[in-house]
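S.K.: One predicted model, sequence on top.
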Amino acid sequence: MKFDGITLVTGAAGFMGSHLVEHLAKKGVKVRASARPRKDTSFFDSLGVEYVAADLTKPETLPALFEGNVDRVFHLGAICNFSTPYEKLYPTNVKGVERFTELVMKHGVKRYVHVGSTSVYGYYKGTPFLEDGPRDPHDAYGTSKRNGEDVVWKRIGQGMPGIITRPCTVYGPRCNDGAGKAFSRPTSISAIPGNGRQLLSNIRAEDVAAAVEHLSFLDSAVGQAYNIAEDTHPSLGDALALAAKTFGTKPPSVHLPLWLVKIAAKMDGARAAKKGAIPDLEYDAVKYLYEDYIVDNAKLKATGFVLRYPDFAESMRQMGEWYRARKVG
């Protein structure tokens with residue numbers, strides 16, 4: 001499949017979206033970036049990328065995204081946290097997907113790539129998450145992502161050339177939200193949640209961008225779902241120690257029982273709610289720390305995709321170089 005028209009990226013102002021826009025722009029792709037209205041578009045201006053504001057909850061703003069020859073769409077627009085209740089997630093993460101994919105079909109887009117989340121799988125059940133395994137979310141966010149996926153599966157059944165991707169914990173330059181922020185910048189984490197032996201699955205944002213673009217070219221990927229994850233699975237304790245070394249902070253050494261972490265998360269959530277903010281420590285996110293969280297990436301690699309950052313430790317070494325250069329600069 002070749003694309004010579006406009007590539008539309010929704011959620012472009014977010015962490016992953018910004019990396020995808022940057023990745024495509026550097027390859028000379030004609031990109032149209034979209035997110036909610038914003039005053040500062042300097043990031044997109046510097047890349048020579050067109051920015052068109054739209055809101056998935058306001059259907060009247062969406063048709064403008066498809067003006068001209070839009071032949072490929074990467075949909076990242078979503079509310080991504082564990083603190084927002086389902087009734088507030090639904091208009092964007094589910095109904096928004098329904099409205100948006102209706103327009104994708106109406107305009108005959110050649111390829112639609114849905115960037116979702118491994119949160120659709122729910123809690124770990126002892127074996128690595130596989131794309132054809134059960135989706136059993138136990139929180140509002142995971143449920144909204146599963147239901148949004150179901151809209152895409154329905155559209156695929158109606159003939160939309162769609163691909164579903166499921167990144168796990170995403171980290172990398174410019175990350176300030178989600179679990180990935182612990183491995184992306186200095187943090188004040190002073191204790192290791194639980195025993196610290198829980199195995200993790202992570203992925204660099206740059207590899208998410210490269211993977212979704214790679215899949216978009218494959219006719220064989222249409223109608224399929226793909227996990228996006230690194231090859232390695234560091235323990236939580238080792239990952240936090242490595243992050244501390246990377247960013248020059250004191251590594252946590254004390255272990256905090258998870259029941260106590262949950263209480264702290266409840267308190268942090270209450271304080272954040274009063275300010276209308278998302279807490280750094282989210283209660284529902286803590287529940288994922290009771291077990292390992294291993295995501296299988298074999299299906300993605302079988303397509304010929306080669307990870308730029310397959311090893312977490314080596315990736316963190318590179319993150320340290322990026323961070324120190326940025327501080328000096």
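M.R.: Received, thanks. Numbers count the residues shown, from 1 in each chain.

S.K.: Identify each buried residue in stretch 248-257, please.
M.R.: 249, 252 (16 or more other Cβ atoms under 10 Å). No exception for glycine: its C-beta is placed from N, CA and C like everyone else's.

S.K.: Please enumerate the helices of this protein.
M.R.: Taking DSSP state H as the criterion, the chain contains helices spanning 15-26, 42-47, 86-93, 95-106, 140-157, 205-216, 236-247, 258-275, 283-286, 298-302, 312-328.

S.K.: just the angle between the fifth one and helix 95-106, please?
M.R.: Put simply, helix 140-157 runs at 20 degrees to helix 95-106, going by axes from the mean of the first three to the mean of the last three Cα atoms, to 10 degrees.

S.K.: Identify all contacting residues around helix 140-157.
M.R.: Outside of helix 140-157, the residues that reach it under the criterion Cβ atoms under 8 Å, 6 or more residues apart in numbering are 78-82, 84-86, 89-90, 93-94, 96-98, 101, 104-105, 112, 114, 116-117, 119-122, 135, 137, 160, 162, 164, 222-223, 225, 284.

S.K.: and it with helix 86-93, angle?
M.R.: Computed by the same axes, to 10 degrees, the angle separating helix 140-157 from helix 86-93 equals 40 degrees.

S.K.: What average pLDDT does helix 140-157 get?
M.R.: Mean pLDDT, taken over the full extent of helix 140-157, equals 97.

S.K.: List the buried residues in it.
M.R.: Residues 140-149, 151-152, 155-156 are the ones in helix 140-157 that count as buried (16+ other Cβ under 10 Å).

S.K.: ok, residue 74 to residue 32 distance?
M.R.: Separation of residue 74 from residue 32 (Cβ to Cβ, to the nearest Å) stands at 11 Å.

S.K.: likewise residue 316?
M.R.: Using Cβ to Cβ, one obtains 34 Å as the distance from residue 316 to residue 32.

S.K.: Then residue 144?
M.R.: As it turns out, when the distance is counted by Cβ to Cβ, residue 144 lies 25 Å from residue 32.

S.K.: before we move on, what about residue 78?
M.R.: In terms of Cβ to Cβ, residue 78 sits 18 Å off from residue 32.

S.K.: cool, and residue 80?
M.R.: 21 Å.

S.K.: what do you get for residue 214?
M.R.: 20 Å.

S.K.: now do residue 288
M.R.: 35 Å.

S.K.: cool, residue 163 as well?
M.R.: Look at residue 163 and residue 32: by Cβ to Cβ, they are 19 Å apart.

S.K.: any residues in contact with both of residue 74 and residue 32?
M.R.: Both residue 74 and residue 32 are contacted by 7, 8, 9, under the criterion Cβ under 8 Å, 6+ apart.

S.K.: my read: the last one touches residue 22, true?
M.R.: No - taking Cβ atoms under 8 Å as the contact criterion, residue 9 and residue 22 are not neighbours in contact, 10.2 Å apart.

S.K.: What is the neighbour count of residue 109?
M.R.: Residue 109 has 22 neighbours, counted by other Cβ atoms under 10 Å.

S.K.: who are the neighbours in contact with it?
M.R.: With contacts defined as Cβ under 8 Å, 6+ apart, residue 109 is in contact with 66, 70, 71, 72, 73, 161.

S.K.: Need the per-residue pLDDT for the third one.
M.R.: Looking at residue 71, its pLDDT is 96.

S.K.: excluding its backbone neighbours, what's nearest the residue of the chain positioned farthest from its centre?
M.R.: Among residues of the chain, the one most distant from the C-alpha centroid is residue 254; the distance is 29.8 Å, by Cα atoms, centre = their mean. In space, residue 254 comes closest to residue 191 once its chain neighbours are excluded; the distance is 4.7 Å by Cβ to Cβ, 6 or more residues apart in numbering.

S.K.: buried set for stretch 183-197?
M.R.: Using 16+ other Cβ under 10 Å as the burial criterion, the residues of stretch 183-197 that qualify are 183, 184, 185, 187, 189, 191, 192, 193, 194, 196.

S.K.: Stretch 214-233 now?
M.R.: Taking 16+ other Cβ under 10 Å as the neighbour-count basis, stretch 214-233 is seen to contain the buried residues 214-216, 218, 221-222, 224-230, 232-233.

S.K.: got the CA positions of stretch 88-105 in PDB?
M.R.: Listed next in PDB are the C-alpha coordinates belonging to stretch 88-105 (Å, rounded to 0.1, in the frame of the first residue of the first chain):
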ATOM      1  CA  LYS A  88     -16.800  11.100  31.100                       C
ATOM      2  CA  LEU A  89     -14.600   8.700  29.100                       C
ATOM      3  CA  TYR A  90     -17.400   7.400  26.900                       C
ATOM      4  CA  PRO A  91     -18.000  10.600  24.800                       C
ATOM      5  CA  THR A  92     -14.400  10.600  23.600                       C
ATOM      6  CA  ASN A  93     -13.100   7.000  23.900                       C
ATOM      7  CA  VAL A  94     -16.300   5.300  22.500                       C
ATOM      8  CA  LYS A  95     -18.800   7.600  21.000                       C
ATOM      9  CA  GLY A  96     -16.000   9.700  19.500                       C
ATOM     10  CA  VAL A  97     -14.600   6.600  17.800                       C
ATOM     11  CA  GLU A  98     -18.000   5.900  16.400                       C
ATOM     12  CA  ARG A  99     -18.400   9.400  14.900                       C
ATOM     13  CA  PHE A 100     -14.800   9.500  13.600                       C
ATOM     14  CA  THR A 101     -14.800   6.100  11.900                       C
ATOM     15  CA  GLU A 102     -18.100   6.900  10.200                       C
ATOM     16  CA  LEU A 103     -16.300   9.700   8.500                       C
ATOM     17  CA  VAL A 104     -13.300   7.500   7.700                       C
ATOM     18  CA  MET A 105     -15.600   5.200   5.800                       C
END
